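Novice: Need coordinates for the following:
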Amino acid sequence: MNPEPRAVDRRSALRAGAGAAIVGAFTTGCSGDRGGARPPAPPKPPSSASAAAAARPKAPRPAPAPRAFPGQPVQISSGPRARAQVALTFHGQGDPKIATTLLSEAEKAGAKVTVLAVGSWLDEQPAMARRILDGGHELGNHTQRHIDISAMDEAEAYAEITGCADRLRRLTGSIGTWFRPSRTQDATPLVQRLAQRAGYPHVLSYDVDSLDFTSPGASAVTRNVTGQIRNGSVVSLHFGYADTVAALPVLLAELERRRLRAVTTTELLT
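Specialist: Numbering: from 1, shown residues only. This next block holds a predicted model:
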């Protein structure tokens, strides 16, 4: 027989043996077992602590804090007249079902509102604070008990402001973006100073009063607002009144017809 084929065969055999040795070495090195590679170990179940942490919902972000608007007075009753925007502001108190209906109506129309909540109402309806904020609306302070703050002495008036601020902070992480005094359209100089001491650079008043709290009927509420509203207006409305619920869709439709956009008070002034 010709010796060359035997030489080729020997070389092929040597290459095959070397390849087998390398594969064997990798197999041994990865498995550590003569019988071949072990199946991967099953993953360890998560500890009870990590499972609880994964299941725990994330804490909501703190609500916005008050901010100062340079060039604006301490007491603000309206915004810039050059932009086609208005602020619908609600005194936050009353039946939470009515409040939720009003918020939903605003949201359907793409409107954002500012709610000045009473502290005692938040004590009874704490979930409303997050409902307001989750709807993209703004939340502020309308005193703790909603009684005549103008008739109080300094200590009592300050307690009314900080009492509600404490509730807001506990529920939302912020004292709220605005303070509005109770039972009055305009804050006295003393109440303005106390609000600033409590952390509110401005006091929020209004230039359009719907008078919905007098229950004059839905048509009258609508007329009261549409007869006065213009660019930059801040409108006073209330939760808790059926007339307001009936009037709001009509009012929002009229704002759209006039191309007036309902925004939060902060956006109105920004």
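Novice: Skip ahead from the biggest strand by length in the chain and say which helix or strand is next.
Specialist: If you go by DSSP state E, the chain has its longest strand at strand 85-92. Using DSSP states H and E, the helix or strand that directly follows strand 85-92 along the chain is helix 96-108.
Novice: got the angle for that following helix vs strand 85-92?
Specialist: 170 degrees (axes from the mean of the first three to the mean of the last three C-alpha atoms, to 10 degrees).
Novice: Gln72 versus Arg201, what's the distance?
Specialist: Residue 201: Pro, not Arg. 9 Å (C-beta to C-beta, to the nearest Å). C-beta: built from backbone N, CA, C; applies to glycine.
Novice: do Asn141 as well
Specialist: Distance from Asn141 to Gln72, by C-beta to C-beta: 18 Å.
Novice: rewinding a little: so for Pro201 and Gln72, which residue has more residues nearby?
Specialist: Set Pro201 next to Gln72 and count neighbours by other C-beta atoms under 10 Å: Pro201 wins out with 16 against 12.
Novice: so who does that one touch?
Specialist: Pro66, Arg67, Ala68, Phe69, Val74 (C-beta atoms under 8 Å, 6 or more residues apart in numbering).
Novice: just the buried members of those residues?
Specialist: Pro66 (16 or more other C-beta atoms under 10 Å).
Novice: now, the most widely separated pair of the contacts of Pro201?
Specialist: Largest separation among the contacts of Pro201 by C-beta to C-beta: Arg67 and Val74, giving 13.7 Å.
Novice: can you count the residues close to Val225?
Specialist: 26.
Novice: now Asp212
Specialist: When neighbours are defined as other C-beta under 10 Å, Asp212 has 28 of them.
Novice: which stretches of the stretch 151-270 of the chain form helices?
Specialist: 154-172, 189-197, 218-226, 242-257, 265-269 (DSSP state H, counting those that start in this stretch).
Novice: Rebuild these as a markdown table, extending it with mean pLDDT and distance to Asp207.
Specialist: Shown next, in a markdown table, are those (pLDDT from 0 to 100; distance: least, C-beta to C-beta, whole Å):
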| stretch | mean pLDDT | distance to Asp207 |
| --- | --- | --- |
| helix 154-172 | 98 | 23 |
| helix 189-197 | 98 | 17 |
| helix 218-226 | 98 | 11 |
| helix 242-257 | 98 | 16 |
| helix 265-269 | 98 | 12 |
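Novice: Which stretch among those helices is buried most, on average?
Specialist: helix 265-269 (a mean of 21; mean count of other C-beta atoms under 10 Å).
Novice: With distance to Thr100 added, can I get the helices of the stretch 151-270 of the chain in JSON lines?
Specialist: Output for the helices of the stretch 151-270 of the chain, formatted as JSON lines (distance: least, C-beta to C-beta, whole Å):
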{"stretch": "helix 154-172", "distance to Thr100": "17"}
{"stretch": "helix 189-197", "distance to Thr100": "28"}
{"stretch": "helix 218-226", "distance to Thr100": "18"}
{"stretch": "helix 242-257", "distance to Thr100": "10"}
{"stretch": "helix 265-269", "distance to Thr100": "21"}
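Novice: where does the closest residue in space to Gly92 that isn't next to it in sequence land on pLDDT?
Specialist: Leaving aside its sequence neighbours, Gly92 sits nearest to Ala117 (C-beta to C-beta, 6 or more residues apart in numbering; 3.4 Å). Ala117 carries a pLDDT value of 98.
Novice: With Ala111 instead?
Specialist: For Ala111, the model assigns a pLDDT of 98.
Novice: again with Arg61
Specialist: pLDDT, Arg61: 79.
Novice: Same question for the one 3 residues further on.
Specialist: On pLDDT, Pro64 comes in at 95.
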